[in-house]
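S.K.: next one to model:
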Amino acid sequence: MYIQYVSTARMRDGGEHAVNLAIVAPEQIPVPPPLGGSVEISVWAVAKELAQWHSVTVISRAHSRYPKESWMSGVRILRVQGGNAAEYLGGVLRSLSGGSWDAIQVDNRPSFVPAIKRRFPHVPVSLFVHSLTFVSPPYARRRQAEEGLAAADIIVANSWSLRHELAARFPFAAEKMRVVWLGVDTGRFCPAMAPADRPLAKDGLTVLFAGRLIPRKGLHVLLKALRLAHVSGGHRFRLIVAGGSRHERYKRRIRQLARTSGVPVNFLGTVAHRHIHRIYQQADVFICPSQRHEAFGLVNVEAMASGLPVIASRIGGIGEIVVPGWNGLLVSDYANPRAFAEAIAFLSSHPELVRSMGAAARQDCLSRFSWTATAAHLSRLYTHWPHNHGIL
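M.R.: Numbering: from 1, shown residues only. This is a model prediction of the structure:
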């Protein structure tokens, strides 16, 4: 099930050649992302790692705080205007036309691939799919999605779950699908102290939720679960919520649930990704109550690298990260607040498991979920092209 780690020493010393790689980011958020955005976070992290042994150019959306062209961490970044996807794609094609590429990677925009492949018919083009969003309505009609997937030479999914979903929907493209897990900066996301040494607060666990305040992320389920665990079981908690929302109706619902939960709730609003590691260090347990398919769930590995056990919905790619009883707990009946309440109460009653699972979570990220491992797999893909069938 698990993808094995490939060391950077092997990549550099194993006789593999450097390539000139272009990475096309989506049009919505610039790279590096000023606040957040999981795709843009991934693009930037992978580009920095790949730049240690390849020539890497990222094409990204223009932003007032960034110049049109810059070099950062060994990565060349070209920024183009993008009031909409079509305008942005035009700028991408113009930027790509100035280079001689060994490979082009398009992140999470299948609709970009046909035009890029037509412009560069002899250059391998990979499509790195981060979710089902842009192969599904309303963002893509089925024919558009099919055209994008068909035009790609290789399709990279960030989990086995996502690959399974893509292959079921688009079986014609299954043979060219590969799986490369995402990672985490294990240097920045780290425990404030060793998980085994962390004292748990006498007044209860500090629980963390990080994500957008939208129904599919399930904060309403978590608040109901904390109330059940507190009122029915007598457990004490504090909840930190890191994330913002443009959905005023849902925000009002969340605030009302927080007032009736019996649990102190600290709403931090949107926290810039460059600061979010400090928030993880304030918690004892991370909760991911997602209500819809999560292709990977980047927040989970960020929490795990920070030494936190994770309680999460058994949905999508999360089950490839969280191993029940080892580094956290999975909730199958994830729409039911009582199921989450039971899992939270269980860890509250077993502080030794909070410590041991946190230590295991940290070790898993060091060995399996680093950005170095992600970039190493992508590097093998591009340096072995076109003889890459089955290498990932």
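
S.K.: got the domain ranges for the chain?
M.R.: As assigned by automatic domain parsing, the chain contains the domains 8-183+370-383, 195-368.

S.K.: centre of the chain versus the longest one, how much separation?
M.R.: A distance of 14 Å separates the C-alpha centroid of domain 8-183+370-383 from that of its chain, computed with CA atoms, centre = their mean, to the nearest Å.

S.K.: ok, stretch 227-243 next?
M.R.: For stretch 227-243, the separation from the chain centroid amounts to 26 Å (computed by CA atoms, centre = their mean).

S.K.: right, and Gly358 touches Ala194 too?
M.R.: No - using CB atoms under 8 Å as the test, Gly358 is too far from Ala194 to be in contact (9.1 Å). All C-beta spots, glycine's among them, are computed from the backbone N, C-alpha and C.

S.K.: between the two, point out the one with more neighbours.
M.R.: Taking neighbours as other CB atoms under 10 Å, Gly358 and Ala194 compare with Gly358 leading, 27 against 13.

S.K.: did I read that right, that one in a helix?
M.R.: Yes - under DSSP: H, G, I helix; E, B strand; the rest coil, Gly358 falls within a helix.

S.K.: that one and Met193: what is the separation?
M.R.: 11 Å (CB to CB, to the nearest Å).

S.K.: now swap in Pro67 and tell me
M.R.: 40 Å.

S.K.: low-confidence regions, the chain specifically.
M.R.: Across the chain, the ranges flagged by pLDDT under 70 are 1-16, 195-196, 200-202, 386-392.

S.K.: which residue ranges of the stretch 51-200 of the chain form helices?
M.R.: Taking DSSP state H, counting those that start in this stretch, the helices of the stretch 51-200 of the chain run over residues 85-96, 113-119, 142-151, 160-169.

S.K.: could I get these as TSV with mean neighbour count and distance to Leu257?
M.R.: Converted to TSV, those look like this (neighbours: other CB atoms under 10 Å; distance: least, CB to CB, whole Å):
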stretch	mean neighbour count	distance to Leu257
helix 85-96	18	36
helix 113-119	18	42
helix 142-151	17	36
helix 160-169	18	29
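
S.K.: can you report how many residues neighbour Ala47?
M.R.: 28.

S.K.: quickly find the element holding it.
M.R.: helix 38-50 (DSSP states H and E).

S.K.: give me the phi and psi angles of Leu205.
M.R.: phi -70, psi 140 (degrees, to the nearest 10).

S.K.: quick one: residues contacting it.
M.R.: By CB atoms under 8 Å, 6 or more residues apart in numbering, the residues touching Leu205 are His235, Arg236, Phe237, Arg238, Asp284, Val285, Ile344, Leu347, Ser348, Val354.

S.K.: just the residues you listed now: which is nearest Val221?
M.R.: Of all these, Val221 sits closest to Ile344, with 11.3 Å by CB to CB.
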